[in-house]
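[1] build me a model:
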Amino acid sequence: MLHSFPTILAQVMNFDDNAPRPAENAAPRGMTSRDFFQGMHQAFHNGPTDNSFQKGVLVAVAIVAIIALIAHLRQRWQSREPPHSTLRLARELTRGLKFSFLGKLLLWWVGYSTSSGFIPLLLSGPLFDRSIQQWAQIPTLAPLRRWGYRRLLRLRPLLFEVSAEQ
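    Take a look at the predicted model:
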């Protein structure tokens, strides 16, 4: 049995006895330009099998990009200007008033439908009355508008009586 093991191993490993063998005691030779170009060709056309350097570079670039983004957002946060949007102004105006989200939504709807805007409705009592009257007369979604009109009438004292006391 031991006698047939080398032949079985030679059949499995497909050894070629005629292949040239490197000299074991030969001095190492330097890298030639041909070796360099073959290595470059393999790297670019066959794809490297060990791409840990490429992954490391990508991770380093991603970390630098994240740090730059955080620094940019922090600088922007520190040097921000007062808000100039109507949404933020409306939020600041309604912050002290305690009425529901549905009431705010109805006021937005009235301001949009009558082209008067949300903020003027919060500031002017006569415009508020005129706008909700005009809004209630629009025939589209009439039952919802009648319900909303009654709700807005209950909201009127909260908006204008409280601001007169302050």
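
[2] need the contact list for G103.
    Taking Cβ atoms under 8 Å, 6 or more residues apart in numbering as the criterion, G103 is in contact with R151, L152, L155. Where C-beta positions appear, they are placed from N, C-alpha and C, glycine not excepted.

[3] of the residues you listed, buried ones?
    Buried members of these, counted by 16 or more other Cβ atoms under 10 Å: L152, L155.

[4] G117: which of the contacts of G103 is nearest?
    L152 (15.4 Å; Cβ to Cβ).

[5] helix or strand: which one has that closest one?
    Element membership of L152, judged by DSSP states H and E, is helix 142-165.

[6] list the contacts of that helix.
    By Cβ under 8 Å, 6+ apart, helix 142-165 touches 97-99, 102-103, 106-107, 109-110, 122, 125, 128-129, 132, 135-136, 138.

[7] redo the contacts of G103 as JSON lines? Include distance to A60 and pLDDT.
    Output for the contacts of G103, formatted as JSON lines (distance: Cβ to Cβ, whole Å; pLDDT from 0 to 100):
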{"residue": "R151", "distance to A60": "59", "pLDDT": "84"}
{"residue": "L152", "distance to A60": "59", "pLDDT": "84"}
{"residue": "L155", "distance to A60": "58", "pLDDT": "82"}
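
[8] which residues are in contact with the helix or strand hosting W135?
    Using DSSP H and E, W135 maps to helix 125-136. The list of residues contacting helix 125-136 from outside it, by Cβ under 8 Å, 6+ apart, reads 109-111, 113-114, 116, 120-122, 145-146, 148-149, 152-153, 156, 159-160.

[9] try 10 Å this time
    106-107, 109-117, 120-122, 124, 142, 145-146, 148-153, 155-156, 159-161, 163-164 (Cβ atoms under 10 Å, 6 or more residues apart in numbering).

[10] same check, this time on stretch 63-83
    Residues from elsewhere that reach stretch 63-83 (Cβ under 10 Å, 6+ apart): R88, L89, R91, E92.
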